[in-house]
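[1] Here is my input; please provide its structure:
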Amino acid sequence: MLPLAAQDTGLQIKIVEGEGVAYAAGSRATRGIAVQVVDARGRAVEGASVTFQLPADGPSGVFASGGRMELAVTGADGRASVWGMQWNRVTGPLELRIAAAKNQMRASIVCPLNLTEAASKEARSHRKLWIILAIAGGVAGAAAARGGSSSQGGNGATAVVNTPTIGAPAVVISHP
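    Now for the predicted structure:
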């Protein structure tokens, strides 16, 4: 029989995916939060109940089920995960609380996340860039069509449209 200290059977939770991730406020999570529950010796704990809880106010959201709390059970590898969270539109740091229990053993941990407006602004700026490029291409095409039409012997007008192209980038290496 092992000494009492070596028989310690407390649980530990390790975040294996999703810690510190920043999401755009108002978006749906494209990645999940995964944890592994292990015993005091580092062995995976199968069948542990794991709860994931989002804050009631401030930066937060709901799980795919529509609630702020989700329950999962660890598999043979000791892992449990949640995904598909719908984030609210409040920006800032948020703490996802995670707790695990099996028999009389308990453990808890906080997974820090962040809801940002920056990701939303970046997506909007890319959308604006595509709109500007589309307008510029249309203006260039219309100008080419007007400048390239001609009338020859009563055959009618023929429009010539030159499509703008972007050439290959050039790299120049020189001394400063």
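[2] Could I get the full set of helices for the chain?
    118-147 (DSSP state H).
[3] Okay, domains of the protein per the record?
    9-116, 120-147 (automatic domain parsing).
[4] now those domains in CSV, with mean pLDDT and mean neighbour count?
    C-betas here are computed from N, CA, C, even on glycine. Below are those laid out as CSV (pLDDT from 0 to 100; neighbours: other Cβ atoms under 10 Å):
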stretch, mean pLDDT, mean neighbour count
domain 9-116, 95, 17
domain 120-147, 60, 11
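[5] quick one: the strands in this structure?
    11-17, 22-24, 33-39, 49-53, 61-62, 69-73, 79-82, 86-87, 92-102, 105-116, 150-151, 157-158 (DSSP state E).
[6] where's the closest residue to Arg97 other than its chain neighbours relative to Ala99, distance?
    Nearest residue to Arg97, sequence neighbours excluded (Cβ to Cβ, 6 or more residues apart in numbering): Gln53, at 4.4 Å. Plainly put, Gln53 is 8 Å away from Ala99 if you go by Cβ to Cβ, to the nearest Å.
[7] Check Gly32 too.
    Counting by Cβ to Cβ, the gap from Gly32 to Ala99 is 17 Å.
[8] returning to that earlier point: select, out of the strands of the chain, the one closest to Ile135.
    Closest approach to Ile135 among those (Cβ to Cβ): strand 157-158, 24.9 Å.
[9] so Cys111 touches Glu17, yeah?
    No: using Cβ atoms under 8 Å, Cys111 makes no contact with Glu17, being 9.8 Å away.
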